[in-house]
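Undergrad: Generate coordinates for the sequence data below:
(chains A and B)
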Amino acid sequence: MRLWTAIKMTFVLTVLTGIIYPVLMTAMSETMFPFQAKGSLISRDGQVVRSELIGQNFNALNYFHPRPSAAGGKGYDASNSSGSNLGPTNKSLIDTARQRLKEVLDQNPGASAADVPISQITASGSGLDPEISPAGAMMQAARVAKARGLSDRAVMDLIRAHTRTRWAGVLGEPGVNVLKLNLALDDLNGIAPRASAKSE
Amino acid sequence: MGNAIIQVGIFSALVTAISVPLGLYMARVFAGEHTMLDPVLRPIERLVYRLCGVHPEAEETWVEYAVSMLLFSMVGMFVLYAMERLQYYLPLNPQQFGAVAPDLAFNTAASFTTNTNWQAYGGESTMSYFTQMAGLAFHNFVSAAAGIAVAIAVIRGFVRRSAKTIGNFWVDLTRAILWVLLPISVVGALVLVWQGVPQNFSPYAQVKTVEGAEQVIAQGPVASQEVIKELGTNGGGFFNANSAHPYENPTPLSNLLEMLAIFAIAAGLTHTFGQMAGDRRQGWALFATMGLLFLVGAACAIKAEHRGNPQFAAMGIKQAASATQSGGNMEGKEVRFGIVNSALWATITTDTSCGAVNSMHDSYTPLGGLIPLLNIQIGEIIFGGVGSGLYGMLVMAVLAVFIAGLMVGRTPEYLGKKIEGREMKLAMLYILIFPTVILLPAGVAVVAKAGLAGISNPGPHGFSQILHAYSEASANNGSAFGGLNANTPFYNVTLAIVMLFGRFMMKVPVLALAGSLAAKRAVPPSAGTFPTGGAVFVLLLVGVILIVAALTFFPADALGPIVEHLAMMQGKLF
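TA: Take a look at the predicted model:
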């Protein structure tokens, strides 16, 4: 008798909380916030080119580089989010960080270790962190400016314009969305396909 | 430092402000009194009872209540297991994921049934949308509701006099879902979507990146599951990276709201307790005890993570916070959360039985990682899991009045009920089962080949990983030192069994305690009654909690995080 009730309750509550509720929420979300509900995806000519929220890999010297990523084999695998889960006394954490620091210093000749924020040589929790710290961007400004033939000041101004401050001045930490910053750089250089950001 | 205090202060103030009205509202809901939502929800409630053949007026004894709860959990577990195994043939599987392996399916079924949400799988690479929403999110609702139901039944046990029954499980379950969990989830999910959390059934997006690479971005009905994951202190992420994933937790505002959702119901229940006991100070005493332990833990975790890892300092990296960077130990943490919101979340998620993470605890400094471990080992009663936190704290309160009684040589009382041999035996059973199901299997795992094979971080940290795993399974947390390769038959099966023991072997004694107390007459307070609504009691309770946890777990913790801390300070690597 009680078992029968348990079976019926499981069925009824599955329909209510497991089907009606998510379907209703999807319908409401797609009406009220269609852009966000669909994953904040931006398309161009029928091809999805990015999500505002998900980080992408950048390796070229004329782009700002994101944080190291442990998601998937090459990093920034958005179907395989993950941190490194390396512990603080794990030799491979420290060796990897030292290697990254060397690369960063090689790529940015003017910078010293003290200019490199720790977030720039450590992997994020999701492996998809869309942001770097403002210090992480400023440290790369000279390199990017040189690679693009822009003035350091123009690049620094762009960083400042793209710095997200703490929410209401209090919550969270400031950050710079790498993807948006890089697209704005292309804009500044007048590189056509990227310049369509406004029309998107 | 200043900003850390402000952020923690804002969070604490909001929790306090929310907890009182929510707690009083829940007291009305479970007393069956009129609420604002009645016009909408009463008809649905009646329909549920009619479809399921529930007689809402028929009350149950503690044994019947426990049997209903166990049967319901068992059925739900079988259904989830079947759903995972058959997901290939079920709808809403755009990525065409195949059946989940038997050991992993069993582990996950046990995990979600017990409100643990330990995840040995990566959500976006394993589970179909249907399994996520109809299987996992369903359990997020019902395991939370079952926890609330048992807490309410236990409160009734304390406040009823000479009574045989402690309520009707089906009614408490249904009302917890309809009046508490669903309405908050509906509003919360929409707010999260507004902040950027997706809610769709689309296939994964194929992206051509700016540099021309391919990127596949997982999608899904995330927001509807995200909100109940936090609100029901479940913690099972839609994605592998859980609330660190920008789709689950895109902004500092979403982060604040999710943290509030984790604490809201558990904090509210202390006031539900005070209200039902007819003395609001009793509720405030428990709230203060929990709040004190929370603040101490948060301060320690934030400080440890701010201080960072001396190995990085040796490279010349500055780890001090500045206006343009967070500093500290940023491995496994997101820029938007930095140190403060990561360490605060880690404290909150382990104070409760949530286990959602917005940063990777495995990469915390040893002391930063010790705080989450201690929070779990204290028994997750610092606000705690929805329901389980309150009844866990009430067991500690019974122990505290008993110890106070011994000290002054009087028969202990709590809320006018004499605490006697039977109650103490049940309370001790509750307290002893917990370390037994953590330390014994952890001991086995560190000598078994299959156990050692799972370690991903060598040295003392490897022991911490195993200790964490069993502590979490037993306490139904699931925040995980995620590096442990736990998706193996050995860990899947042993952890699943520990989760089931840790949940149900503790719920049954606590319901028995409620039944035993409900049957007692009330004794009027006398000059010798120890007042349980004031500051002295709060301090006594904090002391008892810390002593019990320290005596039980200090030796094990010393071998893991504490040894690792000493090694780290000497610059030793493994």
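
Undergrad: Just list the residues touching whichever residue of chain B sits closest to chain A, thanks.
TA: Of all residues in chain B, B:P252 sits closest to chain A, at 2.6 Å by C-beta to the nearest C-beta. (Glycine included, C-beta is placed from N, CA and C.) By C-beta atoms under 8 Å, 6 or more residues apart in numbering or on different chains, the contact list for B:P252 reads A:R166, A:W167, A:L171, A:G172, A:E173, B:R336, B:F337, B:N341.

Undergrad: Leaving out the residues flanking it, which one is nearest to residue 138?
TA: In the absence of a named chain, chain A is used. In this structure, A:M138 finds its nearest non-sequential neighbour in A:I159, 6.1 Å apart by C-beta to C-beta, 6 or more residues apart in numbering or on different chains.

Undergrad: let's do chain B instead
TA: Ranked by C-beta to C-beta, 6+ apart and with sequence neighbours excluded, the top spatial neighbour of B:F138 is A:G18, at 3.7 Å.

Undergrad: tally of neighbours for the one you found?
TA: If you count neighbours by other C-beta atoms under 10 Å in any protein chain shown, A:G18 ends up with 25.

Undergrad: which ones are touching it?
TA: Residues near A:G18 by C-beta under 8 Å, 6+ apart: B:M133, B:A134, B:G135, B:A137, B:F138, B:F141.

Undergrad: Just the ones of those residues in helices?
TA: Of these, the ones assigned to helices by DSSP state H are B:A137, B:F138, B:F141.

Undergrad: Could you list the domains of chain A?
TA: Listed domain ranges for chain A are A:1-38, A:39-199 (source: automatic domain parsing).

Undergrad: how much distance is there from the shortest one to the middle of the chain?
TA: Here the centre of domain A:1-38 is set off from its chain's centre by 31 Å, with C-alpha atoms, centre = their mean, to the nearest Å.

Undergrad: And it, what's buried?
TA: Within domain A:1-38, the residues that qualify as buried are A:5-10, A:12-14, A:16-19, A:21-22, A:25-26, A:28-30, A:33, A:36-38, counting by 16 or more other C-beta atoms under 10 Å in any protein chain shown.

Undergrad: Give me the neighbour count for the closest residue to chain B within chain A.
TA: For chain A, the residue closest to chain B is A:G172, as judged by C-beta to the nearest C-beta, at 2.6 Å. By other C-beta under 10 Å, 26 other residues sit near A:G172.

Undergrad: B:T108 versus that one, what's the distance?
TA: Distance of A:G172 to B:T108, given as C-beta to C-beta, to the nearest Å: 32 Å.

Undergrad: re earlier: residue contacts, the residue of chain A closest to chain B?
TA: The contact partners of A:G172, by C-beta under 8 Å, 6+ apart, come to A:R166, B:T251, B:P252, B:N255, B:R336, B:F337, B:G338, B:N341.

Undergrad: mind checking pLDDT for it?
TA: In this model, A:G172 is scored at 96, pLDDT.

Undergrad: Please apply the same query to the one 4 residues further on.
TA: Here, the pLDDT recorded for A:V176 equals 98.

Undergrad: Who are the contact partners of it?
TA: Shown in contact with A:V176 (C-beta under 8 Å, 6+ apart): A:F64, A:E131, A:I132, A:S133, A:P134, A:G136, A:A137, A:I159, A:H162, A:T163, A:R164.

Undergrad: Please identify the helix or strand for the residue nearest in space to the middle of chain B.
TA: Taking C-alpha atoms, centre = their mean as the criterion, B:S353 is the residue nearest the geometric centre of chain B, at 1.3 Å. Here B:S353, judged by DSSP states H and E, is contained in no helix and no strand.

Undergrad: Next one: it, what pLDDT does it get?
TA: Residue-level confidence at B:S353 comes out at 92, pLDDT.

Undergrad: For it, which residues are in contact?
TA: The contact partners of B:S353, by C-beta under 8 Å, 6+ apart, come to B:N115, B:T116, B:T233, B:G235, B:E380, B:G384, B:G385, B:S388, B:G389, B:A475, B:N476, B:N477.

Undergrad: With A:S119 instead?
TA: A:R67, A:I132, A:S133, A:G136, B:Q325, B:S326, B:M330, B:K333, B:V335.

Undergrad: if you look at those residues, which of them are in strands?
TA: Among the contacts of A:S119, the members falling in strands (DSSP state E) are A:I132.

Undergrad: In CSV, list the contacts of A:S119 along with neighbour count.
TA: Formatted as CSV, the contacts of A:S119 follow (neighbours: other C-beta atoms under 10 Å in any protein chain shown):
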residue, neighbour count
A:R67, 27
A:I132, 28
A:S133, 27
A:G136, 28
B:Q325, 28
B:S326, 32
B:M330, 33
B:K333, 34
B:V335, 30
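
Undergrad: Looking at the contacts of A:S119, which is nearest B:R175?
TA: B:K333 (39.2 Å; C-beta to C-beta).

Undergrad: Good, wrapping up.
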